[in-house]
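Q: Have a look at this prediction, sequence included:
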Amino acid sequence: MMIRGLFHRHDMDHLKAGLEVTYQERLESSHNLVNGETPGFRAKNTDFRAMFMPGEDGDVTERGEGFQLYLEALEPEPEFNLEREMRRMSQANLASQAYSKVLIRRYQDLRTVMREGR
């Protein structure tokens, strides 16, 4: 196994983007959960996957604040929904664990390759 085979650019970009997405989703859900009972609070529900995940060409393009404003304008801000936020937090945690396991496995393989000199 060669080192190049362990770390394809698009694979690593996908892992990085996936971890960023799950972090942002958990951060936003946490904000919504903390402020859910505040009078007049409108929950945020940003589509971070559309913002950070690789496109059809495999490239990850962080589309930035302008794109986020565009996404928010597509649908009205939702009312706070505890069940939706808990589901969203749970999904982000599961995805984060999966991305982390793949990344850990890649680094374990790298250590093996370096130790055995292949």
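A: Yep, it's here. Keep in mind that this is a model prediction, so the values were computed, not measured.
Q: ok, N32 - how many residues close by?
A: Neighbour count of N32, defined by other C-beta atoms under 10 Å: 22. Using the backbone N, CA and C atoms, a C-beta is placed for each residue, glycine as well.
Q: actually I104, sorry about that
A: I104: 10 neighbours (other C-beta under 10 Å).
Q: now do the one 3 residues further on
A: Counted with other C-beta under 10 Å, the burial measure for Y107 works out to 11 neighbours.
Q: Which strand or helix spans it?
A: When elements are assigned from DSSP states H and E, Y107 belongs to helix 82-116.
Q: for that helix, what is the average pLDDT?
A: In this model, helix 82-116 carries a mean pLDDT of 89.
Q: and if you look at stretch 45-55?
A: On average, stretch 45-55 scores 67.
Q: Report the contact partners of R88.
A: Neighbour list for R88: E25, S29 [criterion: C-beta atoms under 8 Å, 6 or more residues apart in numbering].
Q: and E37, which of the three is it?
A: When classified by DSSP: H, G, I helix; E, B strand; the rest coil, E37 comes out as coil.
Q: if you skip the residues just before and after it, what's nearest to it?
A: F80 (7.9 Å; C-beta to C-beta, 6 or more residues apart in numbering).
Q: doesn't K44 make contact with that neighbour?
A: No: between F80 and K44 there is no contact under C-beta atoms under 8 Å: 10.0 Å.
Q: Name the residues contacting each of these two.
A: Common contacts of F80 and K44 (C-beta under 8 Å, 6+ apart): N32.
Q: The helix or strand hosting D11 vs helix 82-116, what angle?
A: Using DSSP H and E, D11 falls within helix 9-35. Counting by axes from the mean of the first three to the mean of the last three C-alpha atoms, to 10 degrees, helix 9-35 lies at 150 degrees to helix 82-116.
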